[in-house]
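Asker: Build the 3D model from these lines:
(2 chains)
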2 protein chains.
Amino acid sequence: MLTRIDHIGIACHDLDATVEFYTSTYGFTNAHFEVNEEQGVRECMLKINDTGDGAASYLQLIEPIREDSAVAKWLAKNGEGVHHIAFGTDGDVVEEAAGIADKGVRVLYDAPRGGSMGSLINFLHPKDCHGVLTELVQKRRGTT
Amino acid sequence: MLTRIDHIGIACHDLDATVEFYTSTYGFTNAHFEVNEEQGVRECMLKINDTGDGAASYLQLIEPIREDSAVAKWLAKNGEGVHHIAFGTDGDVVEEAAGIADKGVRVLYDAPRGGSMGSLINFLHPKDCHGVLTELVQKRRGTT
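Answerer: This next block holds a predicted model:
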């Protein structure tokens, strides 16, 4: 079951400047940086609040590290802004994606890939989701 | 202080079809419908999870009811997708907006207006927020 808004993914040109904006303007302080080579991005997870399922909701600020990454292409077309939204499951992302695929929504990866903070993720095609690139997230046990 | 992701605002052409998509595809069931004449929209708040500050996070699905509404113009330009994100404050939206304005971010309304489910809201200019139209939300006491 999808039990939370796991994060909002925001694409930016300059990660450090964007993190500085979000922390200084709003006072968000809980920041986790990492590089996802597979996705071709450098990112910061800014924790905003705990969620009722024992996890948390984040802003995920994303800067491309390669010109041929999906996020770089998206930024070139759209400029900075909300790139995707992500729902967290309390179950297994493989089963969650399979159940959604059965309803006619295209799932982008054949098998889940590695997401932020050790999570397992998959994506749903935005054209099947009323224009919204949608991510499914399964946290590893014990991580928030 | 901003204590939660209050909602993600998603613009759509057909509210009923979009609510049907989100409820049947993901199993979200807690739906609240209303019309906001001032904003020129018909909307559905779909509750996704409780938040650690005693409130909740929602998807806000928005359909314009007037061709001259801001959302209708946005849809004509961008198509369906994420229109804005909203942070909830545990304090007063007037003070929250004033504090953010002091940091050089343009606030769109001189005084807060009425938002979903009896809330008070204001917006921040997307050009001052790395491309993200950002809403501030103050819930009325006792509402989630």
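Asker: Going by C-alpha atoms from here, please, whenever you check contacts or count neighbours.
Answerer: OK.
Asker: which residues in chain A form strands?
Answerer: If DSSP state E is used as the criterion, the strands of chain A fall at A:2-11, A:31-36, A:41-50, A:56-64, A:81-89, A:113-114, A:120-124, A:134-138.
Asker: Relative to the whole chain's centre, how far out is the third one?
Answerer: In other words, strand A:41-50. 9 Å (C-alpha atoms, centre = their mean, to the nearest Å).
Asker: residues making contact with that strand?
Answerer: For strand A:41-50, contacts defined as C-alpha atoms under 8 Å, 6 or more residues apart in numbering or on different chains pick out A:15, A:19, A:28-36, A:56-66, A:69, A:71, A:116, B:3-5, B:51-53.
Asker: Residue numbers of chain A in contact with chain B?
Answerer: Within chain A, the residues that sit near chain B (C-alpha under 8 Å from any C-alpha of the partner chain) are A:1-5, A:12, A:18, A:21, A:25-27, A:48-53, A:57, A:79-82, A:100, A:103, A:129-132.
Asker: List buried residues within those residues.
Answerer: Buried members of the residues of chain A next to chain B, counted by 16 or more other C-alpha atoms under 10 Å in any protein chain shown: A:2-5, A:12, A:18, A:21, A:25-26, A:48-52, A:57, A:79-82, A:100, A:129-132.
Asker: Make JSON lines out of the strands of chain A and add mean pLDDT.
Answerer: Shown next, in JSON lines, are the strands of chain A (pLDDT from 0 to 100):
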{"stretch": "strand A:2-11", "mean pLDDT": "98"}
{"stretch": "strand A:31-36", "mean pLDDT": "95"}
{"stretch": "strand A:41-50", "mean pLDDT": "97"}
{"stretch": "strand A:56-64", "mean pLDDT": "98"}
{"stretch": "strand A:81-89", "mean pLDDT": "98"}
{"stretch": "strand A:113-114", "mean pLDDT": "96"}
{"stretch": "strand A:120-124", "mean pLDDT": "98"}
{"stretch": "strand A:134-138", "mean pLDDT": "98"}
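Asker: how about those strands in CSV, adding distance to residue B:107?
Answerer: Output for the strands of chain A, formatted as CSV (distance: least, C-alpha to C-alpha, whole Å):
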stretch, distance to residue B:107
strand A:2-11, 21
strand A:31-36, 26
strand A:41-50, 21
strand A:56-64, 21
strand A:81-89, 18
strand A:113-114, 38
strand A:120-124, 34
strand A:134-138, 29
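Asker: quick one, which of those is nearest to residue B:96?
Answerer: strand A:41-50 (16.0 Å; C-alpha to C-alpha).
Asker: pull the CA atoms of that closest one into PDB?
Answerer: Extracted C-alpha coordinates of strand A:41-50, given in PDB (Å, rounded to 0.1, in the frame of the first residue of the first chain):
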ATOM      1  CA  VAL A  41      22.400  13.300 -10.600                       C
ATOM      2  CA  ARG A  42      23.800  14.900  -7.500                       C
ATOM      3  CA  GLU A  43      21.100  15.400  -4.900                       C
ATOM      4  CA  CYS A  44      20.100  16.600  -1.500                       C
ATOM      5  CA  MET A  45      17.300  15.100   0.500                       C
ATOM      6  CA  LEU A  46      15.800  17.800   2.800                       C
ATOM      7  CA  LYS A  47      13.600  16.200   5.500                       C
ATOM      8  CA  ILE A  48      10.400  18.200   6.000                       C
ATOM      9  CA  ASN A  49       8.300  16.100   8.300                       C
ATOM     10  CA  ASP A  50       7.700  12.700   9.800                       C
END
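Asker: Look at the closest residue to residue A:119 other than its chain neighbours and say how many residues are nearby.
Answerer: Spatially, and ignoring its direct neighbours in sequence, residue A:119 is nearest to residue A:139 (4.5 Å; C-alpha to C-alpha, 6 or more residues apart in numbering or on different chains). The local packing of residue A:139 (other C-alpha atoms under 10 Å in any protein chain shown) involves 22 other residues.
Asker: Might one say that residue A:139 is in contact with residue A:118?
Answerer: Yes: using C-alpha atoms under 8 Å, residue A:139 is in contact with residue A:118, at 7.0 Å.
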